[in-house]
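Peer 1: Predicted model and sequence below, questions to follow.
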Amino acid sequence: MSSPMSSPMARQLVGKGAARTVRRRAVGDSRRPGWKTYLFLAIVLLISFFPFYFTVLLASSDAATIARNPIPSPIPGDNLFSNIARVISSDIKFWQALANSIIVSCVTALSVVFFATLAGFSFSKLRFRGREGLLVFVIATMAVPTQLGIVPLFIVMARLDWIGKLQAVIVPGMVTAFGVFWMTQYLREALPFELIEAARVDGASMIRTFISVALPAARPVAAMLALFTFVGSWTNFFWPFIVLGSSNPTLPVALQLLQASYFKDYSLIMAGVVVATLPLVLVFIVAGRQLVAGIMQGAVKG
Amino acid sequence: MHRLTWQQRLSRFDVKASPYLYISPFFILFAVVGLFPLAYTAWVSMHEWHLIGGQGAFVGLQNFTDVLGQPRFTVALRNTFSIFLLSSVPQVIAAIVIAYALDTNLRARTFWRMGVLLPYVVAPVAVSLIFSKLFADESGMLNALLGAVGIDGIGWHSSAFASHVAISTMVNFRWTGYNTLIFLAAMQAIPRELYEAAIVDGAARWRTFFSITIPMLRPTIIFVVITSTIGGLQIFDEPRMYDTLGLGGPDRQWMTLTMYIYELGWGTQMNFGRAAAVSWLLFLIIVAIGLVNFAITRRIASSGTKGARK
Amino acid sequence: MRHPIRTLAALACAGVLVAGCSGGTDNGADDPGTTADPGAGGEEITLVVATFNEFGYEDLFAEYEADNPGITVEHRKAATSNEARDNMNTRLAAGSGLADIEGIEVDWLPELMQYPDRFVDLASDEVEGRWFDWKTAAVTTDDGKLIGYGTDIGPEAVCYRADLFEAAGLPADRDEVAALLEGDWDTYFDVGRDFVASSDAAWFDSAGATWQGMANQLETPFENLDGTVIPLADNTEMKGIYDDIMAALDADLSAGNEQWSEDWTNGFQNDSFATMLCPGWMLGIIAGNAEGVEGWDIADVFPGGGGNWGGSYLTVPDQTEHPEEAKALAAWLTAPEQQIKAFEAKGTFPSQVDALSDPALTGFTHEFFNNAPAGQILANRAEAITVQPFKGPNYFAMAEIMTDALNRVDSAGTDDADSSWEKALVAFDALGLE
């Protein structure tokens, strides 16, 4: 939630020029980085890695050692795996929570991409009455504070008899204003009208045109949007906690139970942070290349 | 013949109806999970309304005037803007500088780019757990390090400004890399000829950063700032988890507007009516700032483009 | 001509996704969050029990299921009482989704007691006289409806660091310490002044915790017995307590760590303070936070007499489909025999009169606290409780104003005693009571 710098509009600015970039690049790049650039970037990376390292240091220690030493020993202790084992074997339903998190995040990500592309296709390429007004409305919905909506939303879920069920978490996030807006901006640049015309002349229906022309064109930014949504729904806590509770939890809901015991064992809590973050780091290592490419070369059509 | 007509008719229906059908999932979903809560909240804001007890008397705008008259509303407004500025201004500057460094012929380019984006995958809950260990007033690592070199510890929780810095640090940790890549993409769209021409003219490399890169990035910067307004003014997770009580400190040093909404509605008063009123005030503030931003942006963005062409 | 059909098919899929989304997404967890399923036709029913922190019931549920075929108990647990309260209030506000049995903390009672019709009346002959009178009185409405069964209570003793006492030249034996501290709060603070004069440690952990102990001895902390609010500016008793604590802060008796904060937790490992007011449930917290620290002990004494801090109840919300079965389970769980087992499992001190004389309880010693006879000491402290503070619907809001005021001076240091009190008065006005 509250992503201060989630920025679909910036993409729009990025889009046009990126195609040019590739051509220009081929001409030759005059800027060769010196050792100062590498040093600077290395320092930046060290700063962004440090909290991870710090987490592992605490997760491999024990509660009393952590409390006595504000500055942890720079060498990890030997309790990392035993602490992780404690997290997994405690009564927080770890495996169920992991499965739930995977299901919720995957379904949400796929559905956001599909519906956002569908709506983006319509907003950017199809002509219909009220188009501009409706798009402005979509953008305005992003400014609505969500905290208070919890009670009425809960009433809706109760009516549907969805309390405690995964769809109560999935469905409200199945299509987002953010995604619709992003896709609209993107397809406006990346999908030429000629392609649509060509498909229509061939006798393709609207939905056929969408599937054969718009979906492929949206692919680069779809990867980005999917990962974005995946991370967002993986890290979401408050609504899953309220509507699912601990009997059918997602990972963040399960992990907060680690603090339930009478005292705070930071080695255990940090081990929980490690197991909750690790799947995302793995996804990132596997898909991070596409994510970076999605941001960087989104506008370049294959 | 008849068949064809039917098909044509279908095709026309397809063309007419499809645009609406394709955007309908968003609007149907929004009607159920967005509009209904919004309307409900508006209704609540004009009544006495206890969270559990439910609807009371109609009071018109009384809830609005009540909260506007309370010092805590002002404090929350101040904190929200302070944290927002501390987390957006340095973040944009850092992101541009890092992007500038990345916009070179680096070896292992993907490694560096993924590296700066990595913090983004850490959940805000986890970020707060980690940083609260770093920023604890007496037992935190930062103050321990300061103490080791003979400097007095900073009151990361007691001082309002220091707490805003700490909370902004959490936000910046998670989002700087993401914005770096956005700026990097925009930088790569700047035609290289501009740089080459400037260097031929005898300009130093660092000068081109200010005379070419920054002006060309201006529209991107403004757009990043606008969208960050929407998210930044609703900041909740990080400040709420900055201490165990989640109230924003005994003097509400770091209580933001969304936390204030929460305190009014779910806290000790359970005054759902006032919470709804603040919710709507926040919505109006965001929309107003959004409009101002939009107006400014349009002007600067167009002048920025002109500048680039000359 | 097949295209429109495809369009329709695609839309149907989309519609199913939007409206239902059940198919592959429900992972088969059997809908534990709702009680809306009456288990049509069969005797098989599921009772959901919602708790937080540690109630110590995990093994008891299995035992109950074995003795009562056809009943499955589902445990829904929240980490902290704050989260549990958010959860319960949201579901109360929405009018559905509550468990069949909801655990509640004594501090929520003033608010919940305004809505007794949201709960099933639990009164019955079977449970008559099971608890301390004051424990039951807090959940009994004016017209005699009983909305909760008591689980545990928090009779308070004084936990102390024998090693620090000794180093400061004070007696360290638990009986001598009890004799030393016997008396009112002035005595407690005076001994503290002696202590800090010859030690680096503070006397107590935090102003907020100490205030809890003092305020819980007032008969009418914030509201008169008829429910009217005492304006904070006129509340001389409360101001007196505030001033006493401020004087103690001036004398550096407090370690100045806000309760439950990082610094507070770490203070246990760093000899920050020598005494703590400790209700029974605090023993586990001290033992955990102070793991490896030697010297903790418990004195059978409490300044100003007895005091209770915290404790919980089980309620049966009227949303339940199985009021009778839920009531039976709640009654069973809160029977003395079961509460003794919960005490053995997690150290929650029973609120049942009979449990206090049970050998399993009186014979209980706590190894971490130098093998102090914790069971007997806490039983004595429970007997010493004479005053029960009256807590009306606005108690919680005003208690928060007070702890904020104390923390501003004690831990945050943003204010001095006078300016912090002024801010408390402003916050009181903002409540809009009268």
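Peer 2: Thanks, I have the structure now.

Peer 1: and stretch C:155-173, which residues are buried?
Peer 2: C:155-165, C:167-168, C:170, C:172 (16 or more other C-beta atoms under 10 Å in any protein chain shown). Where you see a C-beta, it was placed from the backbone N, CA and C, and this is true even at glycine.

Peer 1: do the same with stretch B:50-60
Peer 2: B:50-53, B:59.

Peer 1: how far away is the closest residue to C:Glu182 other than its chain neighbours from C:Ser272?
Peer 2: Distance criterion C-beta to C-beta, 6 or more residues apart in numbering or on different chains; nearest residue to C:Glu182, sequence neighbours excluded, is C:Val301 at 5.7 Å. In this view, C:Val301 and C:Ser272 are 22 Å apart by C-beta to C-beta, to the nearest Å.

Peer 1: which one of those two has more residues nearby?
Peer 2: C:Val301 (25 against 20; other C-beta atoms under 10 Å in any protein chain shown).

Peer 1: Is that one in a helix, a strand, or coil?
Peer 2: What DSSP: H, G, I helix; E, B strand; the rest coil gives for C:Val301 is coil.

Peer 1: residues touching it, list them.
Peer 2: C:Val301 sits next to C:157-158, C:177-179, C:181-182 when contact means C-beta atoms under 8 Å, 6 or more residues apart in numbering or on different chains.

Peer 1: and C:Tyr160, what does it touch?
Peer 2: Counting by C-beta under 8 Å, 6+ apart, C:Tyr160 has contacts C:177, C:274-276, C:296-299.

Peer 1: In a strand, it, correct?
Peer 2: Yes: judged by three-state DSSP, C:Tyr160 forms part of a strand.

Peer 1: Helix or strand: which one has C:Ala50?
Peer 2: strand C:45-52 (DSSP states H and E).

Peer 1: For that strand, which strands pair with it and how are they oriented?
Peer 2: As defined by DSSP bridges, the strand partners of strand C:45-52 come to strand C:71-78 (parallel), strand C:101-105 (parallel).

Peer 1: and it, what's its mean pLDDT?
Peer 2: Averaging pLDDT along strand C:45-52 gives 93.

Peer 1: With C:Ala84 as the reference, measure out to A:Leu257.
Peer 2: Plainly put, A:Leu257 is 11 Å away from C:Ala84 if you go by C-beta to C-beta.

Peer 1: Then C:Glu43?
Peer 2: For C:Glu43 relative to C:Ala84 (C-beta to C-beta), the value is 30 Å.

Peer 1: neighbour-wise, which of the two wins?
Peer 2: Legend: neighbour count by other C-beta under 10 Å for C:Glu43 and C:Ala84, higher for C:Ala84 (23 against 8).

Peer 1: where's the more buried one, which helix or strand?
Peer 2: Per DSSP H and E: helix C:81-94 holds C:Ala84.

Peer 1: Give me the contact list for that helix.
Peer 2: Here helix C:81-94 makes contact (C-beta under 8 Å, 6+ apart) with A:150-151, A:154-155, A:158, A:241-242, A:245, A:256, B:51-52, B:54, B:245-246, B:266, B:270, B:272, C:50-53, C:78, C:97-98, C:102-105, C:108, C:115, C:118, C:317.

Peer 1: From the residues you listed, list the buried ones, please.
Peer 2: A:150-151, A:154-155, A:158, A:241-242, A:245, A:256, B:51-52, B:245-246, B:266, B:270, B:272, C:50-53, C:78, C:97-98, C:102-105, C:108, C:118, C:317.

Peer 1: Who are the contact partners of C:Ile153?
Peer 2: For C:Ile153, counting by C-beta under 8 Å, 6+ apart, the contacting residues are C:132, C:135, C:280, C:308, C:310-311, C:349-351, C:382.

Peer 1: and it, that one's in a strand?
Peer 2: Yes: assessed by three-state DSSP, C:Ile153 belongs to a strand.

Peer 1: Would you mind measuring from it to C:Trp134?
Peer 2: In terms of C-beta to C-beta, C:Ile153 sits 9 Å off from C:Trp134.

Peer 1: Please name every helix or strand in contact with the helix or strand hosting C:Lys327.
Peer 2: Using DSSP H and E, C:Lys327 sits within helix C:323-333. If you count contacts as 3 or more C-beta pairs under 8 Å, 6 or more residues apart in numbering or on different chains; DSSP states H and E, helix C:323-333 packs onto strand C:45-52, helix C:58-67, strand C:71-78, strand C:101-105, strand C:149-161, strand C:308-315.

Peer 1: got the angle for that helix vs strand C:308-315?
Peer 2: When axes from the mean of the first three to the mean of the last three C-alpha atoms, to 10 degrees is applied, the directions of helix C:323-333 and strand C:308-315 differ by 140 degrees.

Peer 1: Any idea how far helix C:323-333 is from the middle of the chain?
Peer 2: Its chain's average C-alpha position is 22 Å from that of helix C:323-333, according to C-alpha atoms, centre = their mean, to the nearest Å.

Peer 1: Check what pLDDT the closest residue to A:Leu255 other than its chain neighbours gets.
Peer 2: Sequence neighbours aside, A:Gly272 is the residue nearest to A:Leu255 in space, at 4.5 Å (criterion: C-beta to C-beta, 6+ apart). Per-residue pLDDT puts A:Gly272 at 91.

Peer 1: measure A:Gly272 to A:Ala59 for me?
Peer 2: For A:Gly272, the distance to A:Ala59 - C-beta to C-beta - is 8 Å.

Peer 1: now C:Asn266
Peer 2: Plainly put, C:Asn266 is 18 Å away from A:Ala59 if you go by C-beta to C-beta.

Peer 1: How about A:Ala119?
Peer 2: Taken as C-beta to C-beta, the span from A:Ala119 to A:Ala59 is 42 Å.

Peer 1: Where does chain A get nearest to chain C, residue-wise?
Peer 2: The nearest approach of chain A to chain C comes at A:Gly164, 2.1 Å away (C-beta to the nearest C-beta).

Peer 1: Make sure that residue is actually in contact with A:Ser246.
Peer 2: No: A:Gly164 is beyond contact range of A:Ser246, at 10.4 Å (criterion: C-beta atoms under 8 Å).

Peer 1: Close to chain A: what parts of the stretch 151-300 of chain C are there?
Peer 2: Applying C-beta under 8 Å from any C-beta of the partner chain, one finds that the stretch 151-300 of chain C approaches chain A through C:265-266, C:268-270, C:281, C:284-285, C:287-289, C:291-292.

Peer 1: now do 7 Å
Peer 2: C:265-266, C:268-270, C:284-285, C:288-289, C:291-292 (C-beta under 7 Å from any C-beta of the partner chain).

Peer 1: Could you save these as CSV and add columns showing pLDDT and neighbour count?
Peer 2: Formatted as CSV, these follow (pLDDT from 0 to 100; neighbours: other C-beta atoms under 10 Å in any protein chain shown):
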residue, pLDDT, neighbour count
C:Thr265, 87, 25
C:Asn266, 88, 24
C:Phe268, 92, 26
C:Gln269, 90, 20
C:Asn270, 90, 16
C:Gly284, 85, 19
C:Ile285, 86, 20
C:Gly288, 86, 18
C:Asn289, 88, 21
C:Glu291, 86, 17
C:Gly292, 89, 12
